[in-house]
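>>> Would you be able to build a 3D model of this:
(one chain, ligands or ions: 1)
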Amino acid sequence: LWAAECSVDIQANDQMQFSSTAITVDKSCKTFTVNLAHSGQMAKNVIGHNWVLSSSADMQGVLADGGAAGLDHNYLKPDDPRVIAHTRVIGGGEKDSTSFEVSKLKAGEQYMFYCSFPGHAAIMKGSVELK
Ligand code: ZN
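You can find the predicted model right below:
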């Protein structure tokens with residue numbers, strides 16, 4: 001029997017790159033888990049990374065409010081309802097994971113994942129698709 005993969009491992013590095021630019025979430029999964037690892041050496045206040053999921057339409061608003069919220073809030077507005085899932089901001093050598101209910105994703109809607117550390121999302125972003 002083939003079982004759907006309901007998790008993904010993603011690395012982020014000191015060059016502000018995610019190891020993936022597209023994530024497919026299998027609709028047969030109840031929950032989906034993202035395991036983020038920072039493979040670089042930079043401290044989280046210098047080149048920290050998180051993994052944030054929202055609709056494409058909400059991305060710029062989440063980033064604008066997140067930049068104002070600061071590192072203490074993982075560069076996200078606290079309890080931002082536009083954020084579907086997110087990890088903490090981590091530095092080199094650190095890891096964090098997040099899980100979300102797949103029912104929060106709608107077929108046909110466009111979703112993005114990105115790092116909300118100020119300036120990083122220009123490069124550090126990718127698509128999330130429900131299939
Ligand atoms: Zn980052």
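
>>> how near is the spatially most central residue of the chain to the ion?
Central residue of the chain (C-alpha atoms, centre = their mean): residue 51, 2.2 Å from the mean position. Going from residue 51 to the ion by C-beta to the ion, to the nearest Å gives 9 Å. C-beta coordinates here come from the backbone N, C-alpha and C atoms, glycine included.

>>> now the strands for the chain?
7-12, 22-25, 31-38, 52-55, 85-86, 95-101, 111-114, 125-130 (DSSP state E).

>>> For residue 129, which residues are in contact?
Contacts for residue 129 (C-beta atoms under 8 Å, 6 or more residues apart in numbering) come out as 22-25, 111.

>>> Tell me what it is bridged to.
Taking DSSP bridges as the rule, residue 129 bridges to residue 24.

>>> for the protein, what are the low-confidence residue spans?
1-3 (pLDDT under 70).

>>> which bits of it sit near the ion?
Residues of the chain lying close to the ion by C-beta under 5 Å from the ion are 49, 115, 117, 120.

>>> which residues sit in contact with the closest residue to residue 123 other than its chain neighbours?
Of all residues not flanking residue 123 in the chain, residue 16 sits nearest, at 5.2 Å (C-beta to C-beta, 6 or more residues apart in numbering). Residue 16 makes contacts with 47, 49, 115, 120, 123-124, as judged by C-beta under 8 Å, 6+ apart.

>>> Return the members of these classed as buried.
For those, a burial check counting by 16 or more other C-beta atoms under 10 Å picks out 47, 49, 115, 120, 124.

>>> Give me the nearest residue to the first one, chain neighbours excluded.
This points to residue 47. Closest to residue 47 by C-beta to C-beta, 6+ apart is residue 14, at 5.6 Å.

>>> and the one you found, what is it in contact with?
40-42, 47, 92.

>>> May I ask which two of those are separated the most?
Taking C-beta to C-beta as the measure, those span a maximum distance of 9.1 Å, between 41 and 47.

>>> sorry, back to before: settle this for me: the residue nearest to the centre of the chain is touching residue 32, isn't it.
No - counting by C-beta atoms under 8 Å, residue 51 does not reach residue 32; the two are 11.9 Å apart.

>>> With that, I have no additional questions.
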